[in-house]
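S.K.: What follows is a predicted protein model with its sequence.
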Amino acid sequence: MAHASLGDFIKDAAGVGEAEFVEGADLVSDVGCLTELFAERSGPMLVFDGFAGHDRGFRVSANALKTPRRFALAMGFPVDSHPVDLCRMWKDRRKKLGAVPPRVVTDGPVFERLRRGDDVDLTRFPAPLWHSGDGGRYIGTGDMVIVRDPDEGWVNIGVYRGMLQGPKRLSLWINPMKHGRIVIEKYWARGRNAPVAVVLGCDPLTWMTAGMSPPWGTSEYEVAGAYRGEPVEVVNLPESGLPVPAHAEIVVEGDIPPLSVESAFEGPFGEWPGYYTHQGQETVVRINAIHHRASPILLGMPPVRPLGSGGPVGVPTITPQLWEHLERGGITDIAGVWSFCSQLLIVISLKQRYAGHANQALLTAAGFRHGDMKALYVAVDDDIDPSNLQEVVWAITTRANPATSVEIIRHAWTAGLDPRVSPAQRAAGDMTAGRMLIDACRPFAWRDQFPASNVFPPEARRAVEAKWEGLLARLKGRG
Ligand SMILES: Cc1cc2nc3c(=O)[nH]c(=O)nc-3n(C[C@H](O)[C@H](O)[C@H](O)COP(=O)(O)O)c2cc1C
């Protein structure tokens, strides 16, 4: 059964050794740095309590979904599955996706406390300085920003970074192409403020869907329901009527005036590619009410330098979608898809069937709409585990000939957060960068004469692993 709340998820994570509880950390010097150090070591998720100047029980969590095991736990998959199998299971679940609308209930733990009027003070909740160079306290990293389309009535959810701007103000950086921004601008065009709810903590699986973008008109709640295998329970907020998870931790209710009326300086923020980039005047939520549990837990999903797979979710969210895209594009015999560095390096493992098969897969992947800021695409044979960077590098260095195995795409579209775009390019509005496609498969024409590898065959390795399980268990964590 899906986790109803963040607290339920933490309990289960602790049960499989995937949660660490930390007392008395400092919100400025310790929390962000510990989050980074634990992420780099694939450590357990962190749950902080006992902050100076804050009520006991007002907690902060971090890295909830950061490893494949915790992703599996959230999705209800076997926790010790191989990462590529998790990706395949996720792809298969996506195939079966039907819309599962949320179930409206009349009450829930999020209504345990209500703060309105003079009692509205968002600074009461602990908000870390996640990176030493951040321009402020980002209380919204694992948030869900909820708005309703004024014409069509459907509800959009997105994850947009939210910086504390005082007790009654929160800024959001919402890129112009996001559905949430388009909906908000519809209110502005009518001379109205946009009603908004910002959820600052809920079960991680529901949160995860808020960072995906189903087609216009489809609510992320329906996707979350499909992934969960049951509806998300929501309560309608008293003022705006916006639906929020009944089991949420903290919900801010307010409205967003047009940028021309009110804005706030936002950033810099240590973003997901590992750099500080965007800062500027952005949208503001004027807070009318705060609903929260008696002992709320902030869901912290701060970006950290994307080493390993990178990204907030242990199975990179692009991989099942890209796998589907390749299959739709007619690419057969895909053994696995993975990505590193928060989706900047894409790896496709496949069984080559014909000359040019690997290159076709690479070109198809490079055209995927989701690929706004990508650098490298690599194709490897199906004896290479695409989720194992060491194997991928071995394939690149021994099977790819730089003189013949590399294609360069120039001027591909990229994102504002791309640190490779020069100031001159930015000023000219030229948001493009190159991409490299590396065919690291054995050359198709003479694949049968390619020297054989000295690695034990998979069946032999599996048999020895089963026989010597105890001995090998001692190597756990040695990479
Ligand atoms: C952890 C995380 C943080 C994000 N931060 C931002 C952000 O600050 N601004 C933004 O425009 N998009 C951000 N995104 C991307 C959007 O949430 C994502 O594109 C989402 O699909 C947008 O939904 P929408 O198009 O339905 O509005 C973030 C995504 C994640 C997972």
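M.R.: In hand now; what should we look at? Residues are numbered from 1 along each chain as shown.

S.K.: Spell out the secondary structure type for Gly135.
M.R.: In three-state terms, and counting by DSSP: H, G, I helix; E, B strand; the rest coil, Gly135 is coil.

S.K.: distance of it from Leu345?
M.R.: Noted for Gly135: a distance of 29 Å to Leu345, by CB to CB, to the nearest Å. From N, CA and C alone the C-beta is placed, and that goes for glycine too.

S.K.: Neighbour count: those two, which is higher?
M.R.: Relative neighbour count places Leu345 above the other of Gly135 and Leu345, with 21 against 15, counting by other CB atoms under 10 Å.

S.K.: Send me the one helix or strand Val183 maps to as CSV with only the CA atoms.
M.R.: Assessed by DSSP states H and E, Val183 sits inside helix 179-189. Once non-C-alpha atoms are left out, helix 179-189 reads as follows in CSV (Å, rounded to 0.1, in the frame of the first residue of the first chain):
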residue,chain,number,x,y,z
HIS,A,179,2.1,24.9,-17.1
GLY,A,180,1.8,26.4,-13.6
ARG,A,181,3.1,29.8,-14.9
ILE,A,182,0.8,29.7,-17.9
VAL,A,183,-2.2,29.1,-15.6
ILE,A,184,-1.1,31.9,-13.2
GLU,A,185,-0.8,34.4,-16.1
LYS,A,186,-4.4,33.6,-17.1
TYR,A,187,-5.5,35.2,-13.8
TRP,A,188,-3.1,38.2,-14.3
ALA,A,189,-4.6,38.7,-17.8
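
S.K.: Mind giving me the packing neighbours of that helix?
M.R.: With contacts defined as 3 or more CB pairs under 8 Å, 6 or more residues apart in numbering; DSSP states H and E, the secondary structure elements packing on helix 179-189 are strand 144-148, strand 155-158, strand 194-199.

S.K.: Please identify which of those strands is closest to the ligand.
M.R.: The ligand lies closest to strand 155-158 among those, at 3.2 Å (CB to the nearest ligand atom).

S.K.: For that closest one, list every residue counted as buried.
M.R.: Of the residues in strand 155-158, those buried under the neighbour-count criterion (16 or more other CB atoms under 10 Å) are 155-158.

S.K.: swap in stretch 349-356?
M.R.: If you call a residue buried by 16+ other CB under 10 Å, then stretch 349-356 has these buried ones: 349-350, 352.

S.K.: Next up, the contacts around the residue in the stretch 1-150 of the chain positioned nearest to the ligand.
M.R.: Across the stretch 1-150 of the chain, the shortest distance to the ligand (CB to the nearest ligand atom) belongs to Thr141, at 6.3 Å. Each residue near Thr141 by CB atoms under 8 Å, 6 or more residues apart in numbering is listed here: 130, 161-162, 299-303.

S.K.: on that earlier part again, buried stuff in the helix holding Val183?
M.R.: Judged by neighbour count (16+ other CB under 10 Å), helix 179-189 contains these buried residues: 179-181, 183-184, 187-188.

S.K.: near the ligand, from the residues you listed?
M.R.: Restricting the buried residues of helix 179-189 to those within reach of the ligand (CB under 6 Å from any ligand atom) leaves 179-180.

S.K.: Redo the buried residues of helix 179-189 as CSV? Include pLDDT.
M.R.: What follows is the buried residues of helix 179-189, written out as CSV (pLDDT from 0 to 100):
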residue, pLDDT
His179, 96
Gly180, 97
Arg181, 98
Val183, 98
Ile184, 98
Tyr187, 98
Trp188, 98
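
S.K.: Dump the buried residues of helix 179-189 to CSV, plus distance to Asp55.
M.R.: Written out in CSV, the entries for those read as follows (distance: CB to CB, whole Å):
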residue, distance to Asp55
His179, 36
Gly180, 31
Arg181, 34
Val183, 35
Ile184, 32
Tyr187, 35
Trp188, 37
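
S.K.: can you list the residues of the protein near the ligand?
M.R.: Residues of the chain lying near the ligand by CB under 6 Å from any ligand atom: 156, 158-161, 173-175, 178-180, 211-213, 301, 312.

S.K.: mind redoing it with 5 Å?
M.R.: If contacts are counted using CB under 5 Å from any ligand atom, the residues of the chain sitting beside the ligand are 156, 158-161, 173-175, 178-180, 211, 213, 301, 312.

S.K.: buried subset of those?
M.R.: Using 16+ other CB under 10 Å, the buried ones in the residues of the chain next to the ligand are 156, 158-161, 173-174, 178-180, 211, 213, 301, 312.

S.K.: Which of those scores worst on pLDDT?
M.R.: When those are compared on pLDDT, Ser213 comes out least confident, at 84.

S.K.: hang on, that one packs against Gly180?
M.R.: No - contact status for Ser213 versus Gly180: not in contact, 9.7 Å apart, counting by CB atoms under 8 Å.

S.K.: any idea which residue sits dead centre in the chain?
M.R.: Pro312 (4.3 Å; CA atoms, centre = their mean).

S.K.: Show residues contacting the strand or helix carrying Ala74.
M.R.: With the criterion set as DSSP H and E, the secondary-structure element containing Ala74 is helix 68-75. Outside helix 68-75, the residues within contact range by CB under 8 Å, 6+ apart are 3, 9, 12-13, 16, 18, 45, 64-65, 77-81, 83, 86, 89-90, 93, 203-205, 208, 227, 313-315.

S.K.: could you dump the buried residues of stretch 349-356 to a markdown table with distance to Pro423, secondary structure and pLDDT?
M.R.: Formatted as a markdown table, the buried residues of stretch 349-356 follow (distance: CB to CB, whole Å; DSSP: H, G, I helix; E, B strand; the rest coil; pLDDT from 0 to 100):
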| residue | distance to Pro423 | secondary structure | pLDDT |
| --- | --- | --- | --- |
| Ser349 | 38 | strand | 98 |
| Leu350 | 40 | strand | 98 |
| Gln352 | 43 | coil | 98 |
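
S.K.: closest to Leu437 among those residues?
M.R.: Distance from Leu437 was checked for each of these by CB to CB. The minimum falls on Leu350, at 13.8 Å.

S.K.: Next one: that closest one from the ligand, what distance?
M.R.: Here the criterion is CB to the nearest ligand atom, to the nearest Å. By it, Leu350 lies 28 Å from the ligand.

S.K.: Could you double-check that that residue lies in contact with Glu327?
M.R.: No - at 11.3 Å, Leu350 and Glu327 do not qualify as touching, with contact defined as CB under 8 Å.

S.K.: Quick check: neighbours shared by the two?
M.R.: The contact sets of Leu350 and Glu327 overlap at Ile334 (CB under 8 Å, 6+ apart).

S.K.: Check the secondary structure at Thr209 for me.
M.R.: On the basis of three-state DSSP, Thr209 is classed as helix.

S.K.: I'd assumed Arg228 was in contact with it.
M.R.: No - using CB under 8 Å, Thr209 is not in contact with Arg228, being 9.1 Å away.

S.K.: Of these two, which one has the most company?
M.R.: Between Thr209 and Arg228, counted using other CB under 10 Å, Thr209 has the larger neighbour count: 24 against 21.

S.K.: And the more buried one, how far from Leu472?
M.R.: 36 Å.

S.K.: repeat for Ala463
M.R.: Using CB to CB, one obtains 12 Å as the distance from Ala463 to Leu472.

S.K.: now do Ala52
M.R.: Ala52 is 45 Å from Leu472, where distance means CB to CB.

S.K.: got it, and Ser213?
M.R.: Taking CB to CB as the measure, Ser213 and Leu472 are separated by 41 Å.

S.K.: same check, this time on Ala403
M.R.: Using CB to CB, which is the criterion applied here, Ala403 is 40 Å from Leu472.
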